[in-house]
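J.: Kindly return the folded structure for what I paste below:
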Amino acid sequence: MNTKHDYIAVFDSGVGGLSVLRHLRRVMPGERYLYFGDSANAPYGTKTKEDVKKLTFDAAQRLISRGIKALVVACNTATSAAIHDLRIAYPDLVVIGIEPALKLAAERFPGGKLCVMATPMTLREEKFAALMRRYEEVCHVQKLPAPGLVELVEGGKADSPETDSLLKTLFATLESTPDAVVLGCTHYPFAAKAISRVLGGGVTLLDGGQGTARETRRRLAEA
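T.: Predicted structure coming up:
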């Protein structure tokens with residue numbers, strides 16, 4: 001029987017986390033979900049770490065007050081800025097973050113050329129630097145900050161000439177065409193059509209949504 005404390009809360013800086021919610025519902029279709037997208041303050045990726053941490057804690061407190069059993073931070077930038085402190089602040093709550101699917105990309109393309117697209121803040125945080133150090137010895141990893149893409153997705157222009165133009169400018173800075181692009185922001189899967197169109201269909205796109213959903217199911221089973 002459902003109780004008032006059985007929700008899985010999903011938080012993102014805007015609509016991007018809906019891409020993670022889609023995976024959560026596939027993996028755990030019988031659960032109830034609360035979603036909060038902070039579009040009023042999007043994008044997070046160009047803010048300071050302190051500002052992102054405050055916004056994340058404000059959202060967490062709002063969701064926790066509704067009665068939840070798990071909090072999924074479906075935002076790479078918020079995860080980088082606040083996940084450690086959230087787990088300290090709420091030790092009895094299942095708190096799940098998301099990170100770029102670089103491990104999956106390295107497993108699929110050993111020795112290959114990988115590109116990690118993410119917000120500027122995600123790419124400059126130590127959390128990502130530690131992740132990159134684990135795989136750059138076995139793969140060639142290029143970082144690609146993508147300022148402006150979140151705003152286009154939030155504005156309903158994920159598959160538009162404006163997005164194509166931005167992506168062409170961004171991908172022109174790469175040393176070479178990658179084997180796979182890791183979508184290190186939950187907004188970016190919504191622009192997958194445009195990314196594939198600009199790069200060509202032979203480039204694999206990977207995101208961390210499915211892994212986050214499986215990890216949430218595992219942690220809830222443990223709890």
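J.: Could you count how many residues lie near L55?
T.: A total of 23 residues lie near L55 under the criterion other Cβ atoms under 10 Å. Yep, even glycine has a C-beta here, placed from its N, CA and C like the rest.
J.: Quickly find the element holding it.
T.: helix 49-64 (DSSP states H and E).
J.: just the strands in this protein please.
T.: Shown for the chain, the strands assigned by DSSP state E span residues 7-12, 32-37, 68-73, 94-96, 113-118, 140-145, 180-183, 204-207.
J.: so which of these gets nearest L170?
T.: Distance to L170, taken as Cβ to Cβ, is lowest for strand 140-145 among the strands of the chain, at 6.1 Å.
J.: In CSV, could you pull the C-alpha coordinates for that closest one?
T.: The C-alpha coordinates for strand 140-145 follow below in CSV (Å, rounded to 0.1, in the frame of the first residue of the first chain):
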residue,chain,number,x,y,z
HIS,A,140,41.5,9.8,-25.9
VAL,A,141,39.1,12.0,-24.1
GLN,A,142,38.2,15.5,-25.3
LYS,A,143,36.2,17.9,-23.1
LEU,A,144,33.6,20.1,-24.8
PRO,A,145,31.9,22.9,-22.8
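J.: contacts for it?
T.: Residues from elsewhere that reach strand 140-145 (Cβ atoms under 8 Å, 6 or more residues apart in numbering): 102, 112-120, 123, 132, 135, 170-171, 173-175, 178.
J.: buried residues in stretch 126-138?
T.: Across stretch 126-138, burial judged by 16 or more other Cβ atoms under 10 Å covers K127, F128, L131, M132, Y135.
J.: Quick one: low-confidence residue ranges for the protein.
T.: Within the chain, the ranges that satisfy pLDDT under 70 run 1-5.
J.: Which of the contacts of strand 140-145 are buried? Put it as a ChimeraX command.
T.: In ChimeraX, this line selects whichever of those come out buried by 16+ other Cβ under 10 Å:
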select :102,112,113,114,115,116,117,118,119,120,123,132,135,170,171,178
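J.: so what's Y188 up against?
T.: Listed by Cβ under 8 Å, 6+ apart, the contact set of Y188 reads G16, M117, A146, L149, V153, I195, D207.
J.: Next, count neighbours for the third one.
T.: In terms of burial, A146 registers 25 neighbours under the definition other Cβ under 10 Å.
J.: what sits against it?
T.: Applying Cβ under 8 Å, 6+ apart, we find A146 in contact with M117, A118, T119, L166, L170, C185, Y188.
J.: 6 Å - rerun?
T.: By Cβ atoms under 6 Å, 6 or more residues apart in numbering, the contact set of A146 is M117, L170.
J.: still on that earlier bit, among the strands of the chain, which comes closest to A221?
T.: Set against A221 and scored by Cβ to Cβ, those come closest in strand 94-96, at 10.2 Å.
J.: What pairs with that closest one, parallel or antiparallel?
T.: strand 68-73 (parallel) (DSSP bridges).
J.: ok, now how distant is the nearest residue to A74 once chain neighbours are set aside from G209?
T.: What sits nearest to A74 in space, not counting adjacent residues and going by Cβ to Cβ, 6 or more residues apart in numbering, is G17, at 3.4 Å. According to Cβ to Cβ, to the nearest Å, G17 and G209 sit 9 Å apart.
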